[in-house]
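Student: I'll drop the sequence and a predicted model, then ask my questions.
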Amino acid sequence: HYQTNSKNSYDLVSLTMKLLLSLKISDESYGLVCQCFESLTEFIQGPCKNNQKLISESKFLEYALSLLSENDKIFENSDSNLNSRKIWSFVNNEGSSFGKIGEMIEISGQIHRGRLSRLQYKCLITIVSLLECNNRTDNVLNRIRRGLPLSLLKNNLFSYYLLFKKYYNADYSESCLLLG
């Protein structure tokens with residue numbers, strides 16, 4: 001996971017993991033969380049055993065468990081029961097929809113259901129990529145077994161399979177792979 005023949009070497013896998021684990025999921029962080037999952041998937045496909053091991057030994061599986069089970073602790077605004085959070089507006093523009101200096105405004109801390117489903121899908125792809133070329137005795141597989149309940153994986157994978165069948169009539173073609 002380090003670059004060779006380079007003056008400076010960076011552990012992109014660990015840095016991406018650190019970024020992902022530091023993010024609370026919301027509409028605002030959606031793009032960044034998506035990119036983290038896509039990057040991690042690219043880092044471990046091939047497969048790259050060292051990167052698979054590094055990710056499986058991090059807190060990724062805990063994060064995946066929280067995301068797939070929709071645990072409030074990884075979502076923005078998880079520390080309150082409100083559907084929105086209030087923040088201070090420091091915009092001093094009378095024509096602004098944000099209000100005047102010091103006025104409280106509400107901004108949604110929730111994530112759109114479709115976006116949440118997309119993040120769960122990307123998380124599942126990363127988990128499946130962790131399994132590439134691993135056998136029953138590999139630590140990666142054992143960590144996944146211990147960290148993620150089989151029923152949770154099965155239910156999530158099955159729900160995405162049903163969506164695939166619904167939208168693509170079980171026709172496996174290039175059009176089903178193009179996500180806009």
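Tutor: Yep, that arrived.
Student: show me the beta-bridge partners of residue 25.
Tutor: Assessed by DSSP bridges, residue 25 has beta-bridge partners residue 75.
Student: pull the contacting residues for it.
Tutor: Residue 25 is in contact with 33, 67, 74-76, 111, 116, 119, counting by Cβ atoms under 8 Å, 6 or more residues apart in numbering. All C-beta spots, glycine's among them, are computed from the backbone N, C-alpha and C.
Student: next: residue 147.
Tutor: By Cβ under 8 Å, 6+ apart, the contact list for residue 147 reads 61-62, 64-65.
Student: so which of those are in helices?
Tutor: Counted as lying in helices by DSSP state H, out of the contacts of residue 147, are 61-62, 64-65.
Student: for the contacts of residue 147, pick the one with the most neighbours.
Tutor: With neighbours taken as other Cβ atoms under 10 Å, the top of the contacts of residue 147 is residue 64, carrying 24 neighbours.
Student: host element of the closest residue to it other than its chain neighbours?
Tutor: Of all residues not flanking residue 64 in the chain, residue 123 sits nearest, at 5.2 Å (Cβ to Cβ, 6 or more residues apart in numbering). Using DSSP states H and E, residue 123 sits in helix 113-131.
Student: and the ones in helices among the contacts of residue 147, which two are furthest apart?
Tutor: Largest separation among the ones in helices among the contacts of residue 147 by Cβ to Cβ: 62 and 64, giving 7.3 Å.
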